[in-house]
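Visitor: no sequence for this one, just the structure:
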């Protein structure tokens, strides 16, 4: 009987992502907002890697792209560009 080859790295990444998300919900209010946003990308990255078939490099690029987009939006808001839109 052939047993399926489990992808333990993806299973582990999923559970690490869930654990980090729970920790962020529990301990998140103690962190300042400018630290909470980057920390929230960690569980998203682990969960994305755990539930998709993307390579870890593609997952890192995706998460960093989302993080950069959030940073640009926060920066634009802080200098008053978003009220023009």
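Guide: Yep, that arrived. Everything numeric here is computed off the predicted structure, so don't read it as measured data.

Visitor: ok, now how distant is the nearest residue to residue 21 once chain neighbours are set aside from residue 81?
Guide: Closest residue to residue 21 apart from its sequence neighbours, by C-beta to C-beta, 6 or more residues apart in numbering: residue 43 at 4.0 Å. Yep, even glycine has a C-beta here, placed from its N, CA and C like the rest. Distance, residue 43 to residue 81, using C-beta to C-beta, to the nearest Å: 29 Å.

Visitor: Compare those two (neighbour count), which wins?
Guide: Using other C-beta atoms under 10 Å, the more surrounded residue of residue 43 and residue 81 is residue 43, with 19 against 12.

Visitor: surely the more buried one meets residue 28?
Guide: No: between residue 43 and residue 28 there is no contact under C-beta atoms under 8 Å: 10.8 Å.

Visitor: re earlier: give me every residue that touches the residue nearest to residue 21.
Guide: Residues near residue 43 by C-beta atoms under 8 Å, 6 or more residues apart in numbering: 17, 18, 20, 21, 24.

Visitor: Would you write out the PyMOL command that picks the buried residues out of these?
Guide: Here is the PyMOL command that selects only those of the contacts of residue 43 that count as buried (16 or more other C-beta atoms under 10 Å):
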select buried, resi 17+20+21+24
